[in-house]
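Student: got a structure for you, letters missing:
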């Protein structure tokens with residue numbers, strides 16, 4: 001609880017993963033990937049209850065060892081076409097108590113810790129916001145990117161005002177890093193979207209703690225960073 005508001009953390013962890021099989025339970029620097037997010041939620045000063053939603057009995061079994069609420073997700077919410085918003089609504093509907101805010105923590109962000117979660121919640125209060133989404137600075141400016149025609153011509157690939165500019169002279173761009181999403185439950189359910197129309201702000205994280213594991217390369221990068229942290 002923070003400022004008399006209650007917070008429910010939901011960690012959605014599907015069993016299937018095509019790019020990196022069994023991703024959420026792979027051993028990452030000594031513990032299953034999902035455990036990094038469970039521990040971050042449990043260590044938060046403000047989160048009241050942590051829920052793990054999964055279609056996988058193995059994932060739910062691991063989660064129960066950490067004293068969290070587990071919810072078995074039906075098959076129709078575990079398919080490739082299932083919408084994340086429907087998964088979150090199912091979890092909210094299956095928790096006995098009502099909460100003021102939802103904190104969505106993707107298990108694929110193992111470097112996001114309790115400090116980041118608490119700072120994002122404090123920013124929510126500071127801004128009197130209805131939603132906070134974590135972002136990090138983009139590695140490369142999108143101004144250096146464009147689509148290519150079939151003949152691979154690069155005529156007009158860059159806009160004239162970008163040509164001959166140094167990358168450090170270009171404006172900073174930010175991308176959603178997938179680590180933290182916080183919503184006023186009432187607004188999320190009403191708008192049925194993770195991008196509510198207004199009163200939504202960004203919580204900026206550094207790139208090192210923003211690794212979002214999608215494939216083997218991401219996994220190895222997170223492993224190197226975590227091992228480096230543990231050796232300091």
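Tutor: In hand now; what should we look at? All values derive from a computational prediction rather than experimental measurement.
Student: tally of neighbours for residue 152?
Tutor: Applying other CB atoms under 10 Å, we find 6 residues neighbouring residue 152. Quick note: C-beta positions are derived from backbone N, CA and C, even for glycine.
Student: just checking, what packs against the longest strand seen in the chain?
Tutor: In the chain, taking DSSP state E as the definition, the longest strand is strand 174-184. If contacts are counted by 3 or more CB pairs under 8 Å, 6 or more residues apart in numbering; DSSP states H and E, strand 174-184 sits against strand 101-104, helix 114-127, strand 131-137, strand 200-204.
Student: now mean pLDDT and distance to residue 192 too, for the ones you listed, in CSV please.
Tutor: Listed next are these as CSV, based on pLDDT from 0 to 100; distance: least, CB to CB, whole Å:
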stretch, mean pLDDT, distance to residue 192
strand 101-104, 98, 13
helix 114-127, 98, 20
strand 131-137, 98, 13
strand 200-204, 98, 15
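Student: need these in CSV with mean neighbour count, can you?
Tutor: Listed next are these as CSV, based on neighbours: other CB atoms under 10 Å:
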stretch, mean neighbour count
strand 101-104, 24
helix 114-127, 18
strand 131-137, 21
strand 200-204, 17
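Student: just the helices in this protein please.
Tutor: 33-43, 57-64, 84-93, 114-127, 185-191, 216-231 (DSSP state H).
Student: which of those has the lowest mean pLDDT?
Tutor: By mean pLDDT, the lowest-scoring of the helices of the chain turns out to be helix 216-231, with a mean of 90.
Student: surely residue 157 meets residue 144?
Tutor: No - with contacts counted by CB atoms under 8 Å, residue 157 stays clear of residue 144, the gap being 9.2 Å.
Student: can you check which residues contact both of the two?
Tutor: Shared contacts of residue 157 and residue 144 (CB atoms under 8 Å, 6 or more residues apart in numbering): none.
Student: so what's the nearest residue to residue 178 once chain neighbours are set aside up against?
Tutor: The shortest distance from residue 178 to any non-neighbouring residue, by CB to CB, 6 or more residues apart in numbering, is to residue 212 (4.4 Å). Residue 212 sits next to 106, 108-109, 177-179, 218 when contact means CB under 8 Å, 6+ apart.
Student: distance of the nearest residue to residue 5 once chain neighbours are set aside from residue 116?
Tutor: Of all residues not flanking residue 5 in the chain, residue 100 sits nearest, at 4.3 Å (CB to CB, 6+ apart). Using CB to CB, to the nearest Å, one gets 20 Å for the distance from residue 100 to residue 116.
Student: please apply the same query to residue 14.
Tutor: Distance from residue 14 to residue 116, by CB to CB: 23 Å.
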